[in-house]
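J.: need coordinates for the below:
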Amino acid sequence: MSEFYIETKSNGEVLPKKGSNSRSPYEHQKKAMANLDIINRNASYSTLIVLPTGGGKTYTAAVWLLRNAIDRKKKILWIAHRQTLLDQAAETFQNHAYSELIPSISSFRYRVVSGAPEHDRTIDIESKDNLLIISKDSIGRNLSALDKWLKGEEEIYFIVDEAHHSTAKTYRKVIDYVKSKVKNVKLIGLTATPFRTVENEQGLLARIYTDGIENGVFVHNKSGITYQISLKELINRQILSQPIIESYNTGEDYGKFIGAKDLETIQRLDILPEDLADEMVNNAVRNKFIVEKFVENKEKYGQTIVFALNRSHAIALSALFNHYGIKAGYVVSSVRDAVTGVSRSREDNNQVYEAYRKGELQVLVNVNILTEGVDLPKTQTVFLTRPTVSKILMTQMIGRALRGEKAGGTKNAYIVSFIDNGLDKIAWSNPESIFEGNNDFADSKTEYEKRDIRFIAISKIEEFAKMLNDSADTKELEKIEFTKRIPLGMYAFTYLEKSDDKTDGADVSYQVMVYDSTQKAYEQLMESLPVLFKEYGVEDEYLSKEVLSGMAERCRNTFFLGEMIPPYDEKDIINILKYYAQYEVAPVFYTFDDLDKSKIDVCVIAKYIVEQRMDPITQSEYIQKLWNDGDDNILRLFFGRQKYFYNQLNREILRITSPYLFEEDDDNVVYGKRQLEDMPLYEIGRINPQYEKELRDRAFESAKTPDGMYTCACCEKKYPNRIMLQVDHIVPMNKGGKTVPENLQVLCRFCNGEKGDT
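T.: Numbers count the residues shown, from 1 in each chain. Reported below is the predicted structural model:
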């Protein structure tokens, strides 16, 4: 039987290219390589190379490694958490493998390993592979697959891409394993944002990367950085453009197209539901809005690349631009043009590229094929007409406009996002997040703090505004003063979702809003996380749904008891648990203390309007001025959409001028009654959270020993705090037991599990 083979890009042999590399490194890249030369004199080391978005981290590392590792026949292990990063690394090594860099060898072998169908598996790793590019989850699940590849090696170069994630358990496990097998490990982490996390996590990172270069001299256990340059410096050198981020709300609402079943698909695969994508593509109003924004600002925006939702969208937008007198073209992968019936080939795309380079086209529309690999230096603006959860994709799209004047590009780069209503259930990536870690980008500490607060509020702040919307039941909320309804701050963090055999692990950015009612509970939770994880015996980086559910319920029953208005959300707790499982530190808390909350207090604004006896026209003009001219756009920041602000303000004005409208109607129905003692604790909590808290507190007080410990009523083991214990009935409710103090006891989780309802 004949054997058939297909060509695969997941592994292969790279032959040196003749001649010299046409791409010369910039000064900062040369300096980074020179510093690597210095630290490389050591037999082993662990260090960071810190270059901002657009600074060329992968290019710098690959070119240096070709000369210093590949040409010396030393093996390289390159690890990352995203399949896109793996492909990018492989292509960079291939594209720059010139004979001037590797004069001593005739070829080298590479292999890309991940759970993606187009990549190899860990079982495919061969001893003769020189460059192994592998996903951290694939190798983390099968570390022994490295044994034959590492056998006999005295020295190895170990590269961690997106190295700020190195503190995650799997990364640490792989690093420790390789160090246990090879005498001299040269560990190099690549990142744009090394120290953007909490102090404890910074400490973990500093324990991994212990070596650096200061003033041209090797230092141990100091900064851990061999070379670092800021985004601001690259902009000042005109290597990168000055990013100017703008966003427009289309006014279109697509909330009805996002169901519960779609959330995980979008978050894991970055694929929009088909009906939502079709609705957006075929929405003539939305498409017209996008094109008209360019027409209104065409002199400012200059040559612009538009990232569309799909092929049909690219074709439709291109036609609409031309209809408005804007010379535009589109490039897509091979597809039959719906209008002409002619298939698009690579040659067709190349002709469009060339016309754009020559300035014959003002706008170039594409789907995702312009994220890398095509040189279009005069691009000044990118239009982001599709939402994405992928930080990698967002970085690549933004990068198309970041080439500065010294690099043949432009002084300013406009990053223009188009935002739709109703899609806020998803933690979308946003342009601000790409520059999140560049702490010195702002001109002063104050400006940085303001920018950072604006960033962390972007995807979550509408939670506050929606709570105030008059379409919701706000009676209980309105009993407390308005300033206590304003969040005190938020926990903001990023963790990695688990990858599997079909999907790539994704960065998940999450924010937890904290109010006056929940502040103490969250503080207690953060302090108790180590104890909680120790009790559950959790060591895995990724927790099962069952474990997360059980731990979240324990957190609720321990910390989030009593009246909490606004209330906490269980999914916030679950995301905090996911983060802690990976990094073993509590997420960072950002406070809003520096913001003047009186400027968003609609009660104060409403009172002023009434006292001034404003007529409708004057009132409308005043409100519009507040919305447009507020200090730092604080109203927009906290209310998100104008309608939320208007609705709440009008409600407060009516409360002052027509209080009778808010009087409760007489109830003409007398309902039956059920005693609380006949209900389980969690049901009591729904009706009277304060009484549930009192019952639990009394049970714990009865179990408290003179030395402040708590005793399990069954095994009599003592515990230092409540997180390890549960309140349970002595006589089960299904046997006539009541939820009353004398029938409640405190049990440890293990005794309660064995007891059941017997």
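J.: buried residues in the strand ranked longest in the chain?
T.: Longest strand of the chain, by residue count under DSSP state E: strand 242-253. Judged by neighbour count using 16 or more other Cβ atoms under 10 Å, the buried positions of strand 242-253 are 242-243, 250, 252. For every residue, glycine as well, the C-beta is placed using N, CA and C.
J.: is it possible to export those residues to CSV including distance to Asp37 and pLDDT?
T.: Listed next are the buried residues of strand 242-253 as CSV, based on distance: Cβ to Cβ, whole Å; pLDDT from 0 to 100:
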residue, distance to Asp37, pLDDT
Gln242, 32, 89
Pro243, 32, 89
Thr250, 51, 91
Glu252, 54, 88
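J.: what is the nearest of those residues to Glu523?
T.: Within the buried residues of strand 242-253, distances to Glu523 taken as Cβ to Cβ reach their minimum at Pro243, with 36.0 Å.
J.: dump the residue contacts of the closest one.
T.: Each residue near Pro243 by Cβ atoms under 8 Å, 6 or more residues apart in numbering is listed here: 398, 401-402, 413, 415, 431, 435.
J.: just the closest of these to Asn349, please.
T.: Distances from Asn349 to the contacts of Pro243, taken by Cβ to Cβ, are shortest for Ala401, at 19.6 Å.
J.: nearest spatial neighbour of the closest one, chain-adjacent residues omitted?
T.: Distances taken as Cβ to Cβ, 6 or more residues apart in numbering place Ala413 nearest to Ala401, at 3.9 Å, with adjacent residues excluded.
J.: now for the buried residues of strand 242-253, which pair is the farthest apart?
T.: The span of the buried residues of strand 242-253, defined through Cβ to Cβ, is set by Gln242 and Glu252 at 30.5 Å.
J.: returning to that earlier point: kindly provide the distance from the residue nearest to Ala401 to Gln88.
T.: Counting by Cβ to Cβ, to the nearest Å, the gap from Ala413 to Gln88 is 21 Å.
J.: which of those two has more neighbours?
T.: More neighbours surround Ala413 than the other of Ala413 and Gln88, with 26 against 21 (other Cβ atoms under 10 Å).
J.: if we can go back for a sec, any idea which of the contacts of Pro243 has the most stuff around it?
T.: When neighbours are taken as other Cβ under 10 Å, the top entry among those is Ala401 (30 neighbours).
J.: for that one, what are its contacts?
T.: 241, 243, 305, 379-382, 409-410, 413-415.
J.: quick one: pLDDT of it?
T.: Ala401 is assigned 83 on the pLDDT scale.
J.: what do you get for the one 3 residues further on?
T.: According to the predicted model, the pLDDT of Gly404 comes to 86.
J.: and what of the one 5 residues further on?
T.: Reading off the confidence values, Gly409 has pLDDT 85.
J.: OK, contacts around it?
T.: Contact analysis of Gly409 by Cβ under 8 Å, 6+ apart lists 241, 377-379, 401-403.
J.: at 10 Å instead, please
T.: Residues near Gly409 by Cβ atoms under 10 Å, 6 or more residues apart in numbering: 54, 238-241, 376-380, 401-403.
J.: what distance separates the start and the end of stretch 673-685?
T.: Criterion Cα to Cα, to the nearest Å; first-to-last residue distance in stretch 673-685 is 17 Å.
J.: wait, a strand at Lys607?
T.: No: read with DSSP: H, G, I helix; E, B strand; the rest coil, Lys607 is helix and lies in no strand.
J.: close enough to count as contact, it and Ile656?
T.: Yes: here Lys607 reaches Ile656: they are 6.6 Å apart, a contact under Cβ atoms under 10 Å.
J.: in the stretch 651-758 of the chain, which spans are strands?
T.: Remark: strands assigned in the stretch 651-758 of the chain by DSSP state E, counting those that start in this stretch are 710-711, 718-719, 725-729, 744-748.
J.: which stretch among those comes nearest Asp37?
T.: strand 718-719 (56.0 Å).
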